[in-house]
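Peer 1: fold the following, please.
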Amino acid sequence: MTFKELSNSTWLWILVIAGLLYVAGLAAAFMVKARKRCLELGIENTTIKKVISSSCTFSIVPSLSIVIGLISLAAVIGTPWAWFRLSVVGAVSYELMAADMVIQAMGLNFASAGAQPANVFGAVMIVMSIGIMFGIITNIIAAKKITTSMADYNRKSGGWGAVFSGCFMMAMMSVMMPLQVYNPATGWNFVGTLTLLTSAGIGLLIATIAKKTGAKWLNDFNLAIVLILGMASSVLWTNVVGMFA
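Peer 2: Numbering: from 1, shown residues only. Below is the predicted model of the structure:
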């Protein structure tokens, strides 16, 4: 069995669907408990229904970026595993980076990985899973403490709380972004760098338009638009860089 055959195998589909049904069941159970608690607090059923419907509506738009990410990730690691990762835990940037690092460590690349033995895909699955477990375990142990501490800090420090949270995001970007520009195994990634700059410019432009015009709904589409135009720009930059290579 090869990498490609295992990544789209029937058994993997069955296991992924079983896992997703379990997660969906948990979500449904918590929704029922939350609704019951709302009724106990005297909140009217019509109000609860409005909250549910509005939440569903506002969840559809951000999910467009996840669907786009699923399409790009499925081309690399197969549809079932990509579906599972993006439905339960994980982000496109992390998943692609983790898979790429494993494949490169084995002396391969995405183009040739599909024809490799199934153990290559197994290594990708293990590394991707272990790498993301730290965050889950941390949430189990310390999420409540971190959340309450941050809430207290925001209340006491005012605007500095938002700055503090932004620093965490910048730190995470500082870890991931350099690998998109330069990888010790492959050298400088000019296409990735140009795509990164183009995507950042598009995102900034959309945010500016939303702020200037008051069209706040544009912010909900920001990530989806950036992903689509960013991928389109990568095709353009690949051709441009290829002309000078």
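
Peer 1: only C-alpha atoms for contact and neighbour calcs from this point on.
Peer 2: Fine.

Peer 1: could you identify the helix or strand that succeeds the helix or strand hosting Gly131?
Peer 2: Assigned by DSSP states H and E, Gly131 belongs to helix 118-157. Proceeding N to C from helix 118-157, the next assigned helix or strand is helix 160-181, under DSSP H and E.

Peer 1: that following helix to helix 118-157, inter-axis angle?
Peer 2: Counting by axes from the mean of the first three to the mean of the last three CA atoms, to 10 degrees, helix 160-181 lies at 160 degrees to helix 118-157.

Peer 1: so for the helix or strand that helix 160-181 is followed by, mean pLDDT?
Peer 2: On the C-terminal side of helix 160-181, the nearest following helix or strand under DSSP H and E is strand 182-183. Averaged across strand 182-183, pLDDT comes to 74.

Peer 1: what do you get for stretch 225-236?
Peer 2: pLDDT averaged over stretch 225-236 gives 86.

Peer 1: now swap in stretch 20-32 and tell me
Peer 2: On average, stretch 20-32 scores 93.

Peer 1: next one: that stretch to chain centre, how far?
Peer 2: 21 Å (CA atoms, centre = their mean, to the nearest Å).

Peer 1: likewise stretch 107-114?
Peer 2: The answer for stretch 107-114 is 23 Å, by CA atoms, centre = their mean.

Peer 1: do the same with stretch 174-186
Peer 2: 18 Å.

Peer 1: give me the buried stretch members for that stretch, please.
Peer 2: The neighbour-count check on stretch 174-186 (16 or more other CA atoms under 10 Å) flags 179-181 as buried.

Peer 1: what sits against the most centrally placed residue in the chain?
Peer 2: The centroid of the chain falls nearest to Ala91 when counting by CA atoms, centre = their mean (2.0 Å). Shown in contact with Ala91 (CA atoms under 8 Å, 6 or more residues apart in numbering): Arg85.

Peer 1: state the distance from it to Gly187.
Peer 2: Ala91 sits 24 Å away from Gly187, taking CA to CA, to the nearest Å as the criterion.

Peer 1: list the buried residues of the helix or strand where Asn219 lies.
Peer 2: Using DSSP H and E, the element containing Asn219 is helix 217-244. Judged by neighbour count (16+ other CA under 10 Å), helix 217-244 contains these buried residues: 218-227, 229-231, 233-234, 237.

Peer 1: so what pLDDT did Ile103 get?
Peer 2: The per-residue pLDDT of Ile103 was computed as 85.

Peer 1: my guess is it contacts Gly122, does it?
Peer 2: No: using CA atoms under 8 Å, Ile103 is not in contact with Gly122, being 11.0 Å away.

Peer 1: could you check which of these two is surrounded by more residues?
Peer 2: Ranked by neighbour count (other CA atoms under 10 Å), Ile103 and Gly122 place Ile103 first, with 19 against 14.

Peer 1: list the buried residues in the helix or strand encompassing Gln104.
Peer 2: Element membership for Gln104 (DSSP H and E) is helix 92-105. For helix 92-105, a neighbour-count test (16+ other CA under 10 Å) marks 92, 95-96, 98-103 as buried.
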